[in-house]
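>>> let's see this in three dimensions:
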Amino acid sequence: QVRLVESGGGQVQAGGSLRLSCAASGRAFVGSTMGWFRQAPGKEREFVAAIGRSGGITYYADSVMGRFTISRDNAESTVYLQMDSLKSEDTAVYYCAATFRARNSRYWGDYDYWGQGTRVTVSS
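Predicted coordinates for the structure are as follows:
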């Protein structure tokens with residue numbers, strides 16, 4: 001079992017920045033691919049970013065490419081999402097997720113463990 005706890009959400013004006021954190025406990029963090037997903041009101045959950053086990057491989061949704069950066073600290077069992085140049089369309093609940101069976105996946109169904117989510121609101 002893996003427990004994931006997100007933090008760092010909040011309200012920010014368009015153009016601003018936020019840094020989300022996701023602390024993991026339980027099963028060995030270093031063996032997991034970690035992902036960030038988001039869900040806006042009335043919309044389906046969508047992929048945001050993923051990072052491989054060592055942190056050397058990262059993937060991003062086109063909508064956040066160049067603005068968001070995913071990173072991980074295996075010693076601290078934590079994954080981060082630095083969000084810059086935020087737009088109103090980035091408003092959503094952001095979820096951290098972990099998978100041990102799929103490498104670098106963008107598909108939410110491949111992730112077995114999920115945090116409770118942290119809300120991000122970007123005002124224009």
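>>> please identify the helix or strand for the residue nearest the centre of the chain.
With the centre of the chain defined as its mean C-alpha position, the nearest residue by CA atoms, centre = their mean is W36, 2.2 Å away. Assigned by DSSP states H and E, W36 belongs to strand 33-39.
>>> check which element follows that strand along the chain.
Proceeding C-terminally, strand 33-39 gives way to strand 46-51 as the next helix or strand, assigned by DSSP H and E.
>>> which residues touch the residue in the chain sticking out farthest from the centre?
Summary for the chain: using CA atoms, centre = their mean, the residue whose C-alpha lies farthest from the chain's mean C-alpha position is S124, with a distance of 22.5 Å. S124 makes contact with Q13, A14, S88, according to CB atoms under 8 Å, 6 or more residues apart in numbering. All C-beta atoms are positioned from the backbone trio N, CA, C, and that covers glycine.
>>> give me phi/psi at the first one?
Taking degrees, to the nearest 10, you get phi -80, psi 150 for the backbone angles of Q13.
>>> that one - how many residues pack around it?
10 (other CB atoms under 10 Å).
>>> give me the contact list for stretch 50-70.
For stretch 50-70, the external contacting residues (CB under 8 Å, 6+ apart) are 30-36, 46-49, 71-72, 74, 79-86, 89-90, 103-106.
>>> among these, which ones are buried?
Restricting the contacts of stretch 50-70 to buried positions leaves 32-36, 47-49, 72, 74, 79-81, 83, 86, 90, 105-106, with burial counted as 16 or more other CB atoms under 10 Å.
>>> residues in contact with the residue lying closest to M34 once chain neighbours are set aside?
In space, M34 comes closest to V79 once its chain neighbours are excluded; the distance is 4.3 Å by CB to CB, 6 or more residues apart in numbering. Contact analysis of V79 by CB under 8 Å, 6+ apart lists S21, C22, A24, M34, W36, I51, I70, S71, R72, D73, C96.
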